[in-house]
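A.B. asks: Quick one: sequence plus predicted model below, questions after.
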Amino acid sequence: MSSALRSPTPRPRRMKKDESFLGKLGGTLARKRRAREVSDLQEEGKNAINSPMSPALADIHPEDTQLEENEERTMIDPTSRDDPKFKELVKVLLNWINDVLVEERIIVKQLEEDLYDGQVLQKLLEKLAGCKLNVTEVTQSEIGQKQKLQTVLEAVHDLLRPRGWALRWSVDSIHGKNLVAILHLLVSLAMHFRAPIRLPEHVTVQVVVVRSLITFVNKHLNKLNLEVTELETQFADGVYLVLLMGLLEDYFVPLHNFYLTPESFDQKVHNVSFAFELMLDGGLKKPKARPEDVVNLDLKSTLRVLYNLFTKYKNVE
């Protein structure tokens, strides 16, 4: 890596009115601007887990598979995670699970990380229902984990369907560590088995619709004739993040400060780290995600970074 790339973050200079990235990139990027109507970015999609004591849960359909046409993926707004009622709901469910599984010597510390592979859910259901599921005890592969989840969720559905409850989760959403889906599942189980716990009422979470984030980034990247369709992969090398920051803050980022066509893992990490530095210069808080997580295609980390940009710059033309 050259010494220029190790140098402190330069103070980007403002673009003149007639100056743009297109002229500065020397033909690397296409010069033709793409005209596009951008839908209203204010729509972030408010959904709620309303009154968990009632089986009529809110209409949320989070999916963590590839974003298909007309499909919407969601993530929880970080401010909702700090809501006292939301924290209380998570805490009550955690304590309940650990109480049920105390004899199994299983300790759950984080719902998304500990329940996604189906192992804990299997033990929880077997303990609650007094049954034994026909699944492989331990499996490391993604296919094996999803097969186990499929078996566990089918058993859950057999219990809940006769009562007419809506099922707000799927194998993909649970395995994708979607907390909204996991909470819906656990609340339903707690209610069905009459868990000796008090669930806080009227817990509301605001979720961000991924489609809104895609619309937001494309509104600006289209100025360079660039198009994003998959957030987790197209931001992984950091190039679009750097260019997006320049567009949002209205300055030209010197090409020698990042790799326009990164090839190695380290070069991609450098690009994402440099984009993070530009975010700090723009007054944003330091991203909670690590550059390495973005490069490794961790969707949750990428969404958090883009959501922070969306929050600050959603009204920038």
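C.D. replies: Great, that's in hand. Remember, it's a predicted structure, so these values are computed and weren't measured experimentally.
A.B. asks: ok, residue 267 - how many residues close by?
C.D. replies: Here the count is done by other CB atoms under 10 Å, and residue 267 has 17 residues near it. C-beta coordinates here come from the backbone N, C-alpha and C atoms, glycine included.
A.B. asks: same thing with the one 10 residues further on?
C.D. replies: The tally of other residues near residue 277 (other CB under 10 Å) stands at 17.
A.B. asks: helix or strand for it, which one?
C.D. replies: Assigning secondary structure by DSSP states H and E places residue 277 in helix 265-281.
A.B. asks: Give me the average confidence score over the helix or strand just after that helix.
C.D. replies: Toward the C-terminus, helix 265-281 is succeeded by helix 291-295 as the next helix or strand (DSSP H and E). Per-residue pLDDT values across helix 291-295 average out to 94.
A.B. asks: Name the residues that touch helix 291-295?
C.D. replies: When contacts are defined by CB atoms under 8 Å, 6 or more residues apart in numbering, helix 291-295 is touched by residues 235-238, 241, 265, 268-269, 272-273, 276, 301-302, 305.
A.B. asks: Can you show me the CA trace of that helix as CSV?
C.D. replies: Provided in CSV are the C-alpha atoms of helix 291-295 (Å, rounded to 0.1, in the frame of the first residue of the first chain):
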residue,chain,number,x,y,z
PRO,A,291,-15.0,-2.2,7.8
GLU,A,292,-14.2,-5.9,7.7
ASP,A,293,-17.8,-6.8,8.3
VAL,A,294,-18.9,-4.7,5.3
VAL,A,295,-16.3,-6.3,3.1
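A.B. asks: picking up where we left off before, out of the contacts of helix 291-295, which end up buried?
C.D. replies: 235-238, 241, 268-269, 272-273, 276, 301-302, 305 (16 or more other CB atoms under 10 Å).
A.B. asks: from these, which single one is nearest residue 134?
C.D. replies: Here the nearest of those to residue 134, counting by CB to CB, is residue 301; it sits at 36.0 Å.
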